[in-house]
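Undergrad: Structure, please.
(3 chains)
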Amino acid sequence: MADTSFVPAASQSRKGKLALRWLLYILLGLFALFYLMPLFVMITTSLKSLDEIRTGDLIALPREVTFDAWRTAWSGACTGIQCEGVRPFFWNSILIAIPAVAISTLLGAMNGYVVAQWRFRGANIIFSLMLFGCFIPFQVVLLPMARILGMMGIAGTIPGLIFVHVIYGLGFTTLFFRNYYVSIPAELTKAAKVDGAGFFRIFWSIFLPLSLPIIVVTVIWQFTQIWNDFLFGVSFSQAGTQPVTVALNNIVNSTTGVKEYNVDMAAAIIAALPTLFVYVVAGKYFVRGLTAGSVKG
Amino acid sequence: MTKWLEENTPKLVLAPSFVAILVFVYGFIAWTAWVSLTRSRLLPKYEIKGFIQYERLFDSPRWDTAFSNLFVFGFLFIAIAMILGLVLAILLDQNIRTEGAIRTIYLYPMALSMIVTGTAWKWILNPGLGLEALVRGWGFPDFTFDWLVNPDMAIYTIVIAAIWQSSGFVMALFLAGLRSVDQEIIKAAQVDGIPTWRVYTAIIIPSMAPIFLSAFIVLSHLAIKSFDLVIALTGGGPGYATDLPATYMYAMAFSRGDIGQAASSAMIMMMVVFAIVVPYLYSELRSKNG
Amino acid sequence: MKSYLMGAISGIAVVAATAAIAEPQAEVLHYWTSGGEAKSVAVLQEEFAANGGTWTDMPVAGGGGDAAMTALRARVLSGNAPTAVQLKGPAIQEWYEEGVLADISAVAEANGWADVLPDSIAGHMKCEGTWCAAPVNVHRVDWIWANAEVLKSNGIAMPTSWDEFNAAATKLQAAGIIPLAHGGQAWQDATVFEAVALGILGPDGFRKAFVDLDEATLTSDAMVAVFDQMRTMRGFVDPNFSGRDWNLATAMVMNGEAAFQIMGDWAKGEFMAAGKVPGKDFLCASTPGDGFLYNVDSFAMFDVDGDDKKAGQALLAKLVVGKNFQKVFNLNKGSIPARTDVPLDEFDSCALLSASDMAASSDNGSLLPSYAHGMALRGAQAGAITDVVTAHFNSDMSSADAVKQLAQAVANSM
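TA: Got it, this is the predicted structure:
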């Protein structure tokens, strides 16, 4: 595709240029359809009645739009004997995600600042050890982690889940900030030191104000990871602390009984709303933040 | 004392995170290595019994499938997601009027967990309900798209869904890369009459080498950890045709009560990770030390 | 205003009174989350509350309990075990061997469980002589369900041998009806497989193969014949069967798209929920051959601290095996009560058949645990067998190869 010349050379006719432009938009549109297809199916299904789902076809628009499924999913669907929908679990997820994102982002910023600007002997080795931690499959850590949470006395609690998410978020947050700060000239730190500013002072008044783009990237990444987590949520929660993904799984995975696809889909969309919101609203800053340096390798 | 504190503040700041990683990553890897040498069943035991778990693992046809799937899946997923991401980024970089909206559309799948989208994908790919039925309904009775239920092809449906989920993110990375290429060089090249495709292949793309590396790392991280995807889409089926090491390990540890076996498969997975990540870290740190 | 005050005072009084004695507490980990099941559990919760207990619900659905077992392991390792857990089959004994189960013999003896439970089912509830779990129900696994109308219009009777089944299926296929509604998930493949195996190997052969793991039986010619029949069955399912949920397969039988389904009696709940009448709209029969494969759901109590929780365990165990719960729960769920002295007059004809077959099988020794539903073998062995069964069913593997792999897989899983 790279050989299609979109910015035409002088010899090309105006017509050719226009055709290419059209081709470009058609291509982009087709890809947009591919990406939108599952969401489209989910939304239309959630607005149909069960009868219509059984008789109609997959991509047909709902003949009669009904929000019953949404209401049920939010506050009436059964997850076990409790029939309160995903609402109570939604709150749990918020209680877990917000502190976990905040703490891991702050720690990542401090770590990245140290590794990029206060290099000491062994800092690189420490950084690479931390980076390798990003790649550990989470299934591996479930059992020993359960043991440690038990010893710490926070098993099954929301602080316990926050702790786990912070630990396994550190690798990525440190990576993001380190790659960002490494492109800031070391002279800046040196000059500030000469002026008598200390470690925290420099971080606080020089680096943090520069960090907005990368903070956005990190927060988006961490929030998505933590909000969508199922494995930790199901393993390290107990009654009353289960996050929304676990509730969604309980609604969707019925072993007996009628499958209410419209409720399943509505619940799925509700569970995804916060992350969708973040991507739609902050998506612009996401690319901007990445441009600002985090990907400069 | 204050001087010591001042000099060592950076180390002290880094220390808690480092200790945490040491314990919760490396400690746990060591723990897993230990357990992989035992005959742990339902709960971990610590009596070493040798390499029996690894022998069992290599004797298992299901592990063979899972392990080779990792490479088929991993290779196709990483390669296609990268190419697609790059192509989309270049297309989007042509002064598209609706760029913001299109970018959001390409990017949003990353926001959703596969637990959320799995059901929709299952429908779309199901020959009786989804695309195949739809296209046949449009008057093409011979149209066949039954990969989901075909044991030889099912793994490719996992690839499709995985690409759907991650290629937008790769696009964002590349788009950011394109935007940070020095515009002066491009202008100069255009003034010299170099065709646009040459500008891309000879100047822009080579200058984005670090981004290829970042994208590769993010994608291989996703490939190795792919778990929700398989569970939501195929449950490992038909048969165990779409099993991956992560799902194999999970099945052994949690539904089979065979923790020793799960630990040995985890160790093999960790070795694959090691083989991929260490060269990256090496190059990363060499270039940054200079 | 006055009544508000009274209410507040009496409220305080209640709180004070319950704080004095240990109020039964139970956090119950289970994977019954959908409609009928959830309603059934709600019955238990209501009874529990009526007896002064507080029920904390901890549902974890998915993968036939896989996700729940993940949560359980993490909870036990963290020293924070749930009070009661839905657990069944040899897994109960496996957990007991880890030293984490509580002894509920006192409740069992006070309520005379030994007199009301069939011996083979009571056996599953005991760990080294003590009672360690409370049975909820008995599901029969080796059922074949059929659409009455479809059979009638094609002049087909319920098959009593696998040859008859094959003949009927061929005829149905010619008539454009899907003979066998099936969902291609490993556990469903295994469910059909064990029904076929019970029919072809007979009860003794089944016991040798899937309880004792006798190598000679696992590699016998009869086992080759079992896989041959599975290959034949593969030809009777529609092309879209992979990954289909079992209840969707049941729906295919219900609406006449397919004729038969081989599935445990939870499928009956689907028929009933759709207002179908057994004997009239749909037929139930045991799969061809002798014997009875059971799948017993049960609750195990974990070692916990605190008198309130221990009281909760005792109360829960007592209620679970109580006559009322056994009746109400099983009416909802399609199974039959585990205890034999529950009046069955409200149950349907399929359940009555199940109960009388169970009594007969119990007498002649053909009452057997289901391997596919984790009653006969420990997880590793059962899983190893299922791997081979599902790989064979979903590929063109020959029966001889399958038998060879079966023996290897079983040996490898030890």
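
Undergrad: Give me the contact status of stretch A:132-152 with chain C.
TA: Yes. Using C-beta under 8 Å from any C-beta of the partner chain, we find that stretch A:132-152 touches chain C at A:Leu142, A:Leu143, A:Met145, A:Ala146, A:Arg147, A:Leu149, A:Gly150, A:Met151. Glycine gets a C-beta too; all of them are placed from N, C-alpha and C.

Undergrad: Buried members of those residues into PyMOL, please.
TA: Only the buried entries of those go into this PyMOL selection, using 16 or more other C-beta atoms under 10 Å in any protein chain shown:
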select buried, chain A and resi 142+143+145+146+147+149+150
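
Undergrad: just the residues of stretch A:132-152 next to chain C that are near chain B?
TA: A:Leu142, A:Leu143, A:Met145.

Undergrad: give me the low-pLDDT residue ranges for the stretch 51-200 of chain A?
TA: Low-confidence segments of the stretch 51-200 of chain A, defined by pLDDT under 70: A:55-56, A:79-81.

Undergrad: can you give me the helices in it?
TA: Taking DSSP state H, counting those that start in this stretch to define them, one finds helices in the stretch 51-200 of chain A at A:68-75, A:87-117, A:123-132, A:138-152, A:158-181, A:186-194, A:199-202.

Undergrad: Then the stretch 101-250 of chain B?
TA: Under DSSP H, counting those that start in this stretch, the stretch 101-250 of chain B gives helices at B:114-125, B:131-137, B:154-180, B:183-191, B:196-198, B:205-207, B:209-225, B:228-233, B:245-250.

Undergrad: Could you export the second one as CSV, CA atoms only?
TA: Provided in CSV are the C-alpha atoms of helix B:131-137 (Å, rounded to 0.1, in the frame of the first residue of the first chain):
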residue,chain,number,x,y,z
LEU,B,131,-21.0,-13.6,8.2
GLU,B,132,-21.5,-16.8,6.3
ALA,B,133,-25.3,-16.8,6.8
LEU,B,134,-25.5,-13.1,6.1
VAL,B,135,-23.6,-13.3,2.8
ARG,B,136,-25.6,-16.4,1.8
GLY,B,137,-28.7,-14.5,2.6
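
Undergrad: and it, is it in reach of chain A?
TA: Yes. Judged by C-beta under 8 Å from any C-beta, helix B:131-137 comes into contact with chain A at B:Ala133, B:Leu134, B:Gly137.

Undergrad: Would you confirm that C:Gly176 belongs to a strand?
TA: No. Using DSSP: H, G, I helix; E, B strand; the rest coil, the assignment for C:Gly176 is coil, not a strand.

Undergrad: Which strand residues bridge C:Tyr294?
TA: C:Tyr294 forms beta bridges with C:Arg140, C:Pro369, as assigned by DSSP bridges.

Undergrad: Would you check how far apart the residue of the stretch 251-400 of chain C at minimum distance from chain B and B:Tyr240 are?
TA: Of all residues in the stretch 251-400 of chain C, C:Asn394 sits closest to chain B, at 3.5 Å by C-beta to the nearest C-beta. Taking C-beta to C-beta, to the nearest Å as the measure, C:Asn394 and B:Tyr240 are separated by 8 Å.

Undergrad: Spell out which parts of the stretch 51-200 of chain C neighbour chain B.
TA: Counting by C-beta under 8 Å from any C-beta, the stretch 51-200 of chain C sits next to chain B at C:63, C:65-66, C:69-70, C:73, C:76-77, C:91, C:94-95, C:97-98, C:184-186, C:189.

Undergrad: if you set the cut-off to 10 Å instead, what comes out?
TA: C:62-74, C:76-77, C:90-91, C:94-95, C:97-100, C:183-189 (C-beta under 10 Å from any C-beta of the partner chain).

Undergrad: So which of the helices of the stretch 51-200 of chain A is nearest B:Lys122?
TA: B:Lys122 sits nearest to helix A:68-75 of all the helices of the stretch 51-200 of chain A, at 18.3 Å, using C-beta to C-beta.

Undergrad: contact partners of the closest one?
TA: A:45-50, A:53, A:67, A:76-78, A:83-88, A:90, A:247-248, A:251, A:260-271 (C-beta atoms under 10 Å, 6 or more residues apart in numbering or on different chains).
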